[in-house]
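Q: Here is my input, please return the structure:
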Amino acid sequence: MKWNWGYGITAVYLVFVAGIMYMVWRTTQEKVDLVTTDYYAQELKYQDKIDASKRAAALSAPLQYQLEGQTLTIRFPKEFEGTAITGDVLVYYPADSRRDVAAPLKTTNAVMQLTLDVKNTGMHILQVNWKEGDKEYYFEGNMDIR
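A: Got it, this is the predicted structure:
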């Protein structure tokens, strides 16, 4: 058998088709997370989140958070000491929803402590929603867990 242009073109075409098939197979194996499962419903309520963020920014001091070892400490401003606040805390990992940490808000003297998994390293977003009386507040900040 003698090698000629026809065999070369066929070989290139087969390698190209095999490469495309491999890429299609690889993309079907990737995990794709949406930000949230009810994205559109939350989008309609986004103005409420903007208003809650503005209320949180208008407080006497910003919400403070600090990570020491495995313990995340969240300190609320002085206005919330001795008051009953409800809400939730989400330590959101944008790359993989299985690594998110969600907890209800439980404070003692306007301080909450949350234990995180040491293996859960990387860039996270701390999202705190809380309500005191009829006012809702929202805070968001970045955390780099090492």
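Q: any idea where the helices of this protein begin and end?
A: Remark: helices assigned in the chain by DSSP state H are 5-29, 39-44, 46-57.
Q: Of all those helices, which one is nearest residue 111?
A: helix 46-57 (16.6 Å; C-beta to C-beta). Where you see a C-beta, it was placed from the backbone N, CA and C, and this is true even at glycine.
Q: Can you give the distance of that closest one from its chain's centre?
A: Centre-to-centre, helix 46-57 and its host chain are 18 Å apart (C-alpha atoms, centre = their mean, to the nearest Å).
Q: about what we covered before: which one of the helices of the chain is the most hemmed in?
A: helix 46-57 (a mean of 13; mean count of other C-beta atoms under 10 Å).
Q: State the mean pLDDT of it.
A: The pLDDT scores in helix 46-57 average 89.
Q: got the contact list for that helix?
A: Helix 46-57 is contacted by residues 62, 63, 129, 135, 136, 137, 138, 139, 140 when judged by C-beta atoms under 8 Å, 6 or more residues apart in numbering.
Q: Now tell me what touches stretch 21-36 from outside.
A: Identification of contacts with stretch 21-36 by C-beta under 8 Å, 6+ apart yields 42, 94, 95, 96, 97.
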